[in-house]
Structures are given as structure tokens and as C-alpha cells.
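sequence first, then the predicted structure, then my questions.
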Amino acid sequence: MNNKRFEYGTLMNIAAVRSVLGAFILVSVFLSFSDTAFAQDKSKSNPVVMVVGRPMTSMDSQVVKQLFFSALREKVVENLTLASEFLERVIQIDPSNDASLYELAIIKRTKNNYADAQQLLEKAVTVNQDNEWYWTALADCYEKNNEIAKLENVFNELIRLNPDKADYYYDKANAFFIQQRYDEALQVYAQIEALTAPSDDLLANRQKIYLKQGKVDLAAKQLEQMIAANPSQIKYYLFLAQLYSANNFNDKAFKTLQTAEKIDPNSGLVHLALADIYRDKKNYEASYDQLTLAFAIPDVDIEQKLKIILGYLPKFPDPNAKASALDLSRILTKTYPSDARAFAIYGDMLLQNEKLKDAKIAYKQSVALNSQVYEVQEQLVRIELGDNDMDGAIKDGENSLSLFPNQAWMNYLVGVAYLQKKDVNKAVGYIKNATELETQDKELLSQSFSTLGDCYHDLKDNKSADDAYEKALSYNPDNVFTLNNYAYYLSLRGEQLDKAAKMSKHSNDLQPNNASFEDTYAWILFKQKNYADAKTWMEKALADDKTKSATKAEHYGDILFYLGNIEGAVDNWKKAKSNGDQSPLLERKINEKKYIE
């Protein structure tokens, strides 16, 4: 059933505040009362309600009507304070006015004052025992006030008023369940079955009770009866297998699922359940085979399969786990070719397996299917940057920013792509956006200001470059690339060499055996005329260099020149030339056999 029910301590909120239309329906009902009814001048069993020591008059009844109308009008415009005052005045004149008691209770409940609301509703149902709204509102108050034992009578009254409404029986049974009155709950479920015929709701609720009572045999017998009555309904086999597994009857669970597989070999849920059984038996190959079968069948929600793939992540970097996750995600793209999530997870697993070009294709397909998932687009642009595809990074990054303009990381990534293409002014614009959009991510802020420093250096704006590097280090004093670049550019300018040396040494301590960092430190020492230490560090840089750097060879020649090794200096200058440096200054050094600034 789709109706909302009271279950596990949460009652259906049937008596919610009525709509404006509902309020005016109540007004019309109220108007139908005679003056005598307002005065509660009823039969012999109902005493006359006295007002100020005398029976209610026609004038009293008229005042009550006007006050009640005024209360409803104020309630419609949500002036609940004034509405409450009018209703309280009605009750002062006519304490047995059940409509006012109810309306005031609803206002109290709106303000979460369930204790007062309960008292008002208990009076209302005493006056008028045949109004379902009153009883359902009272049930809600009992639940909120944790007076579950009182619910039995409420639902008895609701069943009396509406004996064909199954929800009231379910609510009564659930109230019994909360009180651990299991046998009484089962009796109510028997009444429901007679009213509505067997259903999955009844099955589930009875199962819940049997398991609470430890009666696994009865729970299993019930499911076996459902299977006998519906032999082609796979869900009942799955329920039974789950019951057996949860209670350590794994062999029975396995046999049940094997029967289900024969009945419907195309049930993805059966294959998933069998995969679990085989995994518990430590038959991992058979378990994986069942998973591949399940993943190829679209009747299982893709979310469940995505969770299974993500379950492999804690086992990474185990190559078998990575390969299995990759294969399963590949199957997803075949099973759900129009679902962006399948291609996104496939891209993630390709990335984990270092298949970057294939990951880029998968991410592009995911974005094409659904452009509203930012994270996939960021992954795509990061791969393009790593693959030196700057045009692709700019195109896809700017497309992403047209949809998500406030994403700081994407602004930064696009800025980096423009910097790599030597379009420094555009790079500055995007990276400044990143620093303005982000306030918390210190990693991003440090990287952004560091890159801004590089940009300003290229623009020969040394002051702005230094300011940017200082900001980068304020967010992360151990940003090794900032330390290295800032120190190197200071050395090129011959400024603040002591500070530059300190920063460069720190970068080498943080990341030893980095040829570029060692070269920077050697060059700063050279600028400080500490040629012996400069030679030591430059030799480290050359030993760690895998790129045959022309710059490092030239620097080593410069150091050797000042150490008096002219022949060694010229040899290294020539090596720099052969490694690609064709500058006129280097040519002069070689020809004139001396160091030239």
C-alpha cells in the first residue's frame, strides 16, 4: 500500500493542519448547528453547559459563532496568536465546543505544544466520538508524547468509524509491535488479511514479528507458502534466501537461490545474491562470475551496482581489485549506454588503472549525456592538462564554467592551461577569479597565488609577483614549487639572496633529489659567490637530472669557470649547446672562454 502509516514510532500525520478549503468546510458544518446545539442542549444524557452560572442564551450562541468565524479567518492568514485568543474565548463560553477544541489543538500542535494539544483533543473526542479528524490528530499527539499504550483505544475508535480502511489496522498493529505485544499484532494482521487478502506488506510485517520472536521456522514457512502460491515470483525466493542467510542457514539460502536461477536465469537480483553466497564461501571466482552476469542485466538499479564497484576501492592498489572494478564498470556502459553515471564510474576506474586517454573518452561521454555533474568535468579537464592537451582543457573548462561559473578549481585549471599556452593575461584573469571565489581551501589558494606569481614574473611585474608568492606561502609555507620558483627568480634579479637561499634549501629538504630544486640552490650559492658549495649542489642536480638539461650544464660551466677550471667550463658550455641552448650569450662564453653575465 502507498498510504502513509504509523510505523516504528512514526505515526501517519493524518490530522495535519487542514487547508483553507478544509477550514471553510468546517465553517459550513459549524453553521449548520442550531443555537441549541451550540448551547449543548442535548438529550438527557448530556448536561446543559452553563455560562456564568446560567444556561447559554441565544446571544451566547451568536457570540460563539462570530468568535469562531473570526478565529478561522485569522488562521487562514496565519495570525495564529489572534486565532488562538478567539478560540479560547469560545471555549470559555462553551467548554464543550468540540470544533473549537480541535482547531485550537491544531494550532498548539503547529507550535509543537503537543501536551496542550493532547488535552484539548481528549476533550474534543469526549464531546464528539464520531469525528475521524479528532481521533487521528489525537493519535499523532500520543505518538509525539510517547504515550503509545493509549493508541490502542484510538485505533479501535478509528476502525469503528471506518472499518474498511486497512491503514487503521496497520497502525494498531504497529502500536502493538512497538510495545512488544507481538501476538496481538499478529491477530490484527489476520484481520487485515481477511479484509484485503494476502500482500507483501502483510508478509513483511509478519516476518518482522517472527524474527523478533526468534521464530525463524515460522518466518520461513510463511515465505514457503508464498512461493507455493506464486512459484514464478522470484522476489519470494529472494526473501527466503535473505532470511536463511541472515540466520546462518547458508546452504538453504544457496539451494533456494539455485532454484530461483533455474526459474529466471535473467534475474539480476538472483545473480547478485548468489555472488554474495559464493563470496561467503570464499569462492571468489564464482562470485565474480555471478557479478558479471548481474551487471549485464538492466533490471537491477544502477545505483546498487555503482556501490558494488565502489566497494572495491578499499582494496586498491591490489591489481586484481583494480582490474575487477574496471571490468565491471565497462560492463555498466554496455548495459546502461544512456546513463552518464555508468561512463563516469568507468572513467574513474580507467583513471585508477592509469589508462588516461581512455578515461578522457569516458568522461567526455558522461558529460555529453549529462552536463550537470561538475565533478566529472573537473576530472576531464585535469586529465587534459596532464596529457598536455591545453586546447582541450580550455574548451572543456570554459564550457564547464558557462554552467558552473563559481567553481574556483575550474577557474584555476583553465588559467593554468592559458599560462601553458603563454596567454598570460587570460591566465591572470581566470586565476584571480579562483582566489576571489575560494576562501577556505588553503591548497587551492596557495597554488593559485603561486601561479599568479609565475604569471606576474612573465609580465615582468616583480612587485606583484613577490606579493603573490608571499600570499602563496602564507597559506602553505611548505609549497615546494613556490619556494623554488620564488627563490630562483630572486636569484636571477640578484635580490634578497639570503632569503632565496633559505627558501631553496627548505624546498630541497622537503623534496630531496629533485634536480630542478638542486639546480636552483646551486645557482643561488653561485650568486652568493659560494662556488665550492655551488659545485657540490650542481653535481647533485646533474646526477638526478634525467632530461639532459642545457640550463644545468651551462650553470655547471659557470661554476667551474669561477673555480678556475676553464677547460671544464668550456666543455659544459658546449654540452649545453649540444643539448639545445642556442643563445648568443652561450656562444660568446664558448668562443671567449669566459663567464659573461
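Alright, I've got the coordinates. Please read these numbers as outputs of a predicted model, since none were measured by experiment. Numbers count the residues shown, from 1 in each chain.

what's the average pLDDT for stretch 543-553?
In this model, stretch 543-553 carries a mean pLDDT of 93.

output the contacting helices and strands for the helix or strand hosting S329.
Using DSSP states H and E, S329 maps to helix 319-335. Helix 319-335 is packed against helix 284-295, helix 302-310, helix 340-352, with contacts defined by 3 or more CB pairs under 8 Å, 6 or more residues apart in numbering; DSSP states H and E. C-beta here means a position set from N, CA and C on the backbone, and glycine is covered the same way.

if you count neighbours, what's buried in the first one?
Along helix 284-295, these residues count as buried under the neighbour rule (16 or more other CB atoms under 10 Å): S287, Y288, Q290, L291, L293, A294, F295.

next one: the shortest one
Buried residues in helix 302-310, counting neighbours by 16+ other CB under 10 Å, are found at I302, K305, L306, I308, I309.

any chance of these in a markdown table, with pLDDT and distance to T110 too?
Below are these laid out as a markdown table (pLDDT from 0 to 100; distance: CB to CB, whole Å):
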| residue | pLDDT | distance to T110 |
| --- | --- | --- |
| I302 | 96 | 41 |
| K305 | 96 | 44 |
| L306 | 97 | 41 |
| I308 | 95 | 45 |
| I309 | 96 | 46 |
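
out of the helices and strands packed on helix 319-335, flag the one nearest L211.
Nearest of those to L211, taken as CB to CB: helix 302-310 at 23.4 Å.

which residues touch K546?
Applying CB atoms under 8 Å, 6 or more residues apart in numbering to K546 gives the contacts A515.

check the gap between it and N514 for me.
From K546 across to N514, the span is 11 Å (CB to CB, to the nearest Å).

now distance to F68 too, for the buried residues of helix 302-310, in CSV please.
Listed next are those as CSV, based on distance: CB to CB, whole Å:
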residue, distance to F68
I302, 56
K305, 59
L306, 57
I308, 60
I309, 62
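
between those residues, which sits nearest K215?
Using CB to CB, I308 comes nearest to K215 of the buried residues of helix 302-310, at 32.6 Å.

could you say which helix or strand holds A185?
helix 182-196.

okay, now the unreliable bits of the stretch 1-150 of the chain?
Scanning the stretch 1-150 of the chain for pLDDT under 70 picks out the ranges 1-55.

hmm, back to that, mind putting the buried residues of helix 284-295 into CSV with pLDDT?
What follows is those, written out as CSV (pLDDT from 0 to 100):
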residue, pLDDT
S287, 95
Y288, 95
Q290, 96
L291, 96
L293, 96
A294, 96
F295, 97
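
and A543, how far from G580?
When CB to CB is the yardstick, A543 and G580 sit 20 Å from each other.

would you map the strands across the stretch 51-200 of the chain?
Ranges of strands in the stretch 51-200 of the chain, per DSSP state E, counting those that start in this stretch, are 54-55.

from what I see, L483 and A501 are in contact.
No. Look at L483 against A501 with CB atoms under 8 Å: they stay out of range, at 11.1 Å.

please identify which of those two sits among more neighbours.
More crowded of L483 and A501, by other CB atoms under 10 Å: L483, with 29 against 20.

quick one: low-confidence ranges for the chain?
1-55.

what about the helices in the stretch 51-200 of the chain?
For the stretch 51-200 of the chain, the helices defined by DSSP state H, counting those that start in this stretch occupy 58-76, 80-93, 98-110, 114-127, 132-144, 151-161, 166-178, 182-196, 200-212.

okay if I get these as TSV plus mean neighbour count and distance to S474?
What follows is the helices of the stretch 51-200 of the chain, written out as TSV (neighbours: other CB atoms under 10 Å; distance: least, CB to CB, whole Å):
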stretch	mean neighbour count	distance to S474
helix 58-76	18	58
helix 80-93	18	53
helix 98-110	23	51
helix 114-127	20	54
helix 132-144	23	53
helix 151-161	18	62
helix 166-178	24	58
helix 182-196	16	65
helix 200-212	17	59
